[in-house]
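Novice: this one's sequence-less:
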């Protein structure tokens, strides 16, 4: 095999390779000999089919098989000989359509991972914002739970409903004068002011009395889940069965027992643990972001353009999805277009941080053990009842998927290592101040609180990763409504944060025609910042029929 370098510019490399025809012919002959012993053909005993007949019938397929094997081996030999660490799947482009009996000339183009000469982590200083245990927060959670368990009683006949009351209604909904599926119901309980129904529905029930009949008009949101109703005006004929007013819920042991807890004291202990867990998570989120900001400010090195492009494309795809759900898609698209270059810089920073964290982990022998990997696979398998064995086998046979699964734990270890090295100072703040500090960072275009990418990450993820700043900017551009809290006792949500680890390139498939093979970003992700504990989400808005 002949190799000559044709481009060495920054992180880009290109090579011309030639596989001699004699080498390919030898491969074909060796494979032909194997196949001839195994192939069955009418009129011949097993293993006695003449090689020339096998060649006539299967020569083209055997040549293609030998060509692909030769190209794969040549690319891997190139990487090994030149000590190249590819950032992407090497791109193969044939000079001409490969012909049997001729030398095969092709080009290999790739970007390599940068060599990070200096890593400055020995003088890290970080401020840790600490929230003290707060009984007032526990009191507030207990009160919210009590409000969710609140009972009601029938109001007097002439009582007019107001926010906080429950109205029991029968209804018939119509669009363009025609009843629609799911638009009719009886005895539906509507808590006024809850925001559970489409905009304008609850507001028009304020002031109704038992036995009232009323027609209300609303418009389904443009992003409503039913395409037949989205954006359309509707009329609902309402009959009020009755109005109920809330009854104060006593907060005592009986209240706790109604929730399955032995006593009010035990309930408060559970909620206190949750409050503390949430504040610890918030503290870590803020600390981690400050850590990444510090690392980003200290390290500036060239990053593979293809990795940046792949990351930017993923960010942009999420933005486009948000735009498509907006009331004014054209205006929202114009808004994000103005900041296209900002998002490009965000993508570049994510990739740089991913590569940096990967190198820090490698230099400090940070690994995920096989026992830890087995536990992760087992946890993932439990999400698919009845298919656990298939899931386990999938991760055992799919290195890229396994890397993505391993990444969150790997990242946690790298981040914990760096925080352990840092000179930490603590400052006591309120939870509101801590949340405000995180919110300020979210609004800053210089921050990139999604995930950052390092080697070995495939962007075709199975999970919907939160790309933080990009997603929030899109939500702002499209005026997306933020969910309100519905249950105070919901546990803090966990986030998946893939971490970068370098690996060898996968085999390159040789195309039958001289087409460039598609390059694939080879970058596992590291979440740039953990998400704050998720606020409990309000139930999805309903039609009156639900």
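Specialist: Arrived safely. The shown structure was predicted, so the numbers you read here are calculated from the model rather than taken from an experiment.
Novice: In stretch 377-384, which residues are buried?
Specialist: Residues of stretch 377-384 classed as buried: 377, 380, 381 (neighbour count, 16 or more other Cβ atoms under 10 Å). Every residue, glycine included, has its C-beta placed from N, CA and C.
Novice: What is the nearest of those to residue 155?
Specialist: Distance to residue 155, by Cβ to Cβ, is smallest for residue 380 among those, at 51.3 Å.
Novice: residues touching the spatially closest residue to residue 191 that is not a sequence neighbour, list them.
Specialist: Distance criterion Cβ to Cβ, 6 or more residues apart in numbering; nearest residue to residue 191, sequence neighbours excluded, is residue 166 at 5.1 Å. Taking Cβ atoms under 8 Å, 6 or more residues apart in numbering, we find residue 166 in contact with 152, 189, 190, 191, 192, 243, 244, 245, 246.
Novice: Residue 436: neighbour count?
Specialist: For residue 436, the count of nearby residues is 12 (other Cβ atoms under 10 Å).
Novice: hang on, the earlier thing: list buried residues within the contacts of residue 166.
Specialist: Listed as buried from the contacts of residue 166 are 152, 190, 191, 192, 243, 244; burial here means 16+ other Cβ under 10 Å.
Novice: Can you lay out these as a markdown table showing pLDDT and distance to residue 219?
Specialist: Output for the buried ones among the contacts of residue 166, formatted as a markdown table (pLDDT from 0 to 100; distance: Cβ to Cβ, whole Å):
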| residue | pLDDT | distance to residue 219 |
| --- | --- | --- |
| 152 | 87 | 30 |
| 190 | 93 | 18 |
| 191 | 92 | 22 |
| 192 | 93 | 19 |
| 243 | 94 | 26 |
| 244 | 93 | 28 |
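Novice: could those go into a markdown table alongside distance to residue 171 and secondary structure?
Specialist: Shown next, in a markdown table, are those (distance: Cβ to Cβ, whole Å; DSSP: H, G, I helix; E, B strand; the rest coil):
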| residue | distance to residue 171 | secondary structure |
| --- | --- | --- |
| 152 | 19 | strand |
| 190 | 10 | strand |
| 191 | 15 | strand |
| 192 | 15 | coil |
| 243 | 15 | strand |
| 244 | 17 | strand |
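Novice: rewinding a little: and of the buried residues of stretch 377-384, the nearest to residue 171?
Specialist: Checking the buried residues of stretch 377-384 one by one against residue 171 (Cβ to Cβ), the nearest turns out to be residue 380, at 44.1 Å.
Novice: give the contact list for residue 373.
Specialist: 402, 405, 406.
Novice: repeat that with 6 Å
Specialist: The contact partners of residue 373, taken as Cβ atoms under 6 Å, 6 or more residues apart in numbering, are residue 406.
Novice: How much space separates the residue nearest to residue 191 from residue 187?
Specialist: From residue 166 across to residue 187, the span is 12 Å (Cβ to Cβ, to the nearest Å).
Novice: so where's the stretch 1-150 of the chain uncertain?
Specialist: Applying pLDDT under 70 to the stretch 1-150 of the chain picks out residues 38-51, 54.
Novice: circling back: if I look at the residue nearest to residue 191, what pLDDT would I see?
Specialist: Predicted confidence (pLDDT) for residue 166: 94.
Novice: The one 10 residues further on too?
Specialist: The predicted local distance difference test score for residue 176 is 90.
Novice: host element of residue 17?
Specialist: Taking DSSP states H and E as the criterion, residue 17 maps to strand 12-19.
Novice: tell me which residues in that strand are buried?
Specialist: Using 16+ other Cβ under 10 Å as the test for burial, strand 12-19 gives 13, 14, 15, 17, 18, 19.
Novice: Direction included, what does that strand pair up with?
Specialist: Using DSSP bridges, the strands paired with strand 12-19 are strand 2-9 (antiparallel), strand 104-111 (antiparallel).
Novice: where's the first one relative to the chain centroid, distance-wise?
Specialist: This means strand 2-9. Computed by Cα atoms, centre = their mean, to the nearest Å, the separation of strand 2-9 from the middle of its chain amounts to 38 Å.
Novice: One more: stretch 275-295?
Specialist: Put simply, stretch 275-295 sits 20 Å off its chain's centre (Cα atoms, centre = their mean).
Novice: Same check on stretch 62-80?
Specialist: Relative to its chain's centre, stretch 62-80 lies at 35 Å (Cα atoms, centre = their mean).
Novice: Make a markdown table from the buried residues of stretch 377-384 and add secondary structure to it.
Specialist: Below are the buried residues of stretch 377-384 laid out as a markdown table (DSSP: H, G, I helix; E, B strand; the rest coil):
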| residue | secondary structure |
| --- | --- |
| 377 | helix |
| 380 | helix |
| 381 | helix |
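Novice: which one of those is nearest residue 273?
Specialist: Closest approach to residue 273 among those (Cβ to Cβ): residue 380, at 26.5 Å.
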